[in-house]
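Novice: My questions are about this predicted structure, shown below with the sequence.
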Amino acid sequence: MANSYDPRTSTGIPTEQVGSLPRPMKLQEAYAAYDAGKISFAQLEAEQEAAVRDSISRLEATGSPVISDGEQRISSFATYPLVDTLGGSGLGGNLAPDGQYFAIFADGHHRQLPRLTGGPFRYRTYAGDMLKKSIKMTIRPMKQAVIAPSMISLIYPLDEEVPGYPRRRFEEDLCNECEKDIRLAFAAGAVRVSIDFTEGRLALREDPRNPWTGRNMLPYFVELVNRVVDRFTPGERRNIGVHTCPGGDRDSVHSADVPYHSLLPSLFRINAGYFLIQLASERDKESVYREIGNNLREDANGIPQMAYIGVINPLNPRVESAGEVRDALIKAARYIAKEQLGSTDDCGFSPFSIDEKPNYGSPDFAREIAFQKISNRVKGTRLAAEQLGLV
Ligand SMILES: [Zn+2]
């Protein structure tokens with residue numbers, strides 16, 4: 001499975017997006033019309049297809065060495081294996097719509113997961129199924145984001161046992177499905193697969209309105225992710241990443257008040273090859289750079305870990321300049337070995353398919369800005385690499 005993609009080739013310092021882009025208003029309307037029974041799945045698919053095509057050609061134009069399909073075909077980064085739309089169409093077997101809140105965001109809105117009602121647990125859709133369709137549209141290297149087993153573990157009720165399906169058996173099925181999800185993404189042609197792990201930081205939140213966040217679940221989450229990641233060879237793990245962030249939905253966050261120093265030492269215990277780390281929106285960036293430098297492992301069971309630091313804030317419409325991106329990386333290189341440094345955006349630009357992007361005024365405008373931000377990330381990363389003698 002080792003592939004020949006070298007993330008340094010075009011920018012000197014590797015740079016990679018998390019995954020999602022805002023869905024065009026037209027596509028969001030199509031999702032709503034499909035949920036309301038007004039259009040067929042084929043009609044929804046035609047809109048998804050058009051949005052993916054546009055996403056890919058515009059990402060190509062940013063000069064990014066690796067691109068995604070903007071996740072235009074899925075309900076959300078977390079729910080794609082379970083349900084076709086956020087309105088609940090195509091809910092998978094053994095699931096009911098009324099599960100735990102995944103998160104309650106700072107602006108008061110929440111997102112809910114389905115609830116497991118029986119076994120066995122199987123994914124309805126794999127990320128690779130989507131990539132197979134999208135990858136035909138480009139000759140550029142493509143990445144794929146997948147959801148972490150820890151997020152999906154939250155569909156199992158927190159305290160009760162699912163009749164006839166103990167948690168231990170669910171976890172086995174879940175880890176098998178996550179492994180398959182990653183393998184299918186690589187098989188479909190992904191050069192990189194990153195695992196979305198936003199619930200890692202939220203696990204430290206202790207929000208009384210959301211009971212699972214008060215159960216000290218981070219060590220369990222890290223163990224679950226490693227149960228999957230450790231099934232891959234060192235060569236494969238170099239191309240498996242983990243994304244951490246405090247959330248980024250409707251331009252709001254769920255765990256920005258959880259300090260990084262309580263997360264990062266645990267995070268880097270995951271035996272992944274690279275980490276996509278929200279940082280542009282952190283107030284005290286230097287202390288986080290230092291924390292990363294102190295905890296990033298040079299040997300994670302046979303491979304060095306890379307830290308891709310967030311230099312773009314998708315929740316803020318202001319476009320970061322290439323110079324700002326360069327300066328952030330130069331500063332980070334004081335604390336993080338330059339060979340282990342990369343750049344990314346703080347989060348996907350719209351992890352959920354229905355997202356009004358309120359700070360921008362409209363998803364279509366947010367989409368325009370996203371491409372400008374990504375272009376500047378690529379340019380600024382290249383400038384930093386020149387300054388650090390990496391090209
Ligand atoms: Zn994120």
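Specialist: Right, received. Where do you want to start? Source: prediction; values computed, not measured.

Novice: tell me which parts of the stretch 251-391 of the chain are close to the ion?
Specialist: On the criterion CB under 5 Å from the ion, the ion has as its neighbours in the stretch 251-391 of the chain the residues Cys347. From N, CA and C alone the C-beta is placed, and that goes for glycine too.

Novice: Any idea which residue of the stretch 251-391 of the chain lies closest to the ion?
Specialist: Ranking the residues of the stretch 251-391 of the chain by distance to the ion (CB to the ion) places Cys347 first, at 3.2 Å.

Novice: Need the nearest residue in space to that residue, chain neighbours excluded.
Specialist: In space, and not counting its chain neighbours, Cys347 is closest to Gly248: 3.5 Å by CB to CB, 6 or more residues apart in numbering.

Novice: Check the contact between that neighbour and Leu315; I expect there is one.
Specialist: Yes - distance between Gly248 and Leu315: 5.8 Å, which falls inside the contact criterion (CB atoms under 8 Å).

Novice: residues shared between the contacts of those two?
Specialist: Taking CB atoms under 8 Å, 6 or more residues apart in numbering as the contact rule, Gly248 and Leu315 both touch 346-347.

Novice: Which of these two has more residues huddled nearby?
Specialist: Shown here are Gly248 and Leu315; by other CB atoms under 10 Å, Gly248 has more neighbours (29 against 23).

Novice: Give me the neighbour count for the residue of the stretch 151-300 of the chain found nearest the ion.
Specialist: Proximity to the ion, evaluated over the stretch 151-300 of the chain using CB to the ion, is greatest for Cys245 at 3.2 Å. The local packing of Cys245 (other CB under 10 Å) involves 29 other residues.

Novice: rewinding a little: show me the contacts for the residue nearest to Cys347.
Specialist: Contact partners of Gly248, counting by CB under 8 Å, 6+ apart, are 278, 314-315, 346-349, 351.

Novice: Need the phi and psi values for the nearest residue to Gly90 once chain neighbours are set aside.
Specialist: With CB to CB, 6+ apart as the measure, Asp84 is the residue that lies nearest to Gly90, at 3.1 Å, once sequence neighbours are left out. For Asp84, the backbone dihedrals (degrees, to the nearest 10) come out as phi -80, psi -40.

Novice: same question, Leu116
Specialist: Here the main-chain torsion angles of Leu116 (degrees, to the nearest 10) amount to phi -80, psi 130.

Novice: on contacts alone, who are the packing partners of the lengthiest helix in the chain?
Specialist: With DSSP state H setting the assignment, residue counts place helix 363-387 as the longest helix in the chain. Packed against helix 363-387 by the contact rule (3 or more CB pairs under 8 Å, 6 or more residues apart in numbering; DSSP states H and E) you find helix 25-35, helix 41-61, strand 306-312, helix 322-332, strand 341-345.

Novice: pLDDT wise, what is the residue of the stretch 1-150 of the chain found nearest the ion at?
Specialist: The minimum distance from the stretch 1-150 of the chain to the ion, using CB to the ion, falls at Val18 (5.8 Å). As summarised for this prediction, Val18 has a pLDDT of 98.

Novice: hey, where'd the strands end up in the chain?
Specialist: In chain order, the chain shows strands spanning 95-96, 101-104, 110-112, 115-116, 143-147, 192-196, 240-244, 274-277, 306-312, 341-345, with DSSP state E as the criterion.
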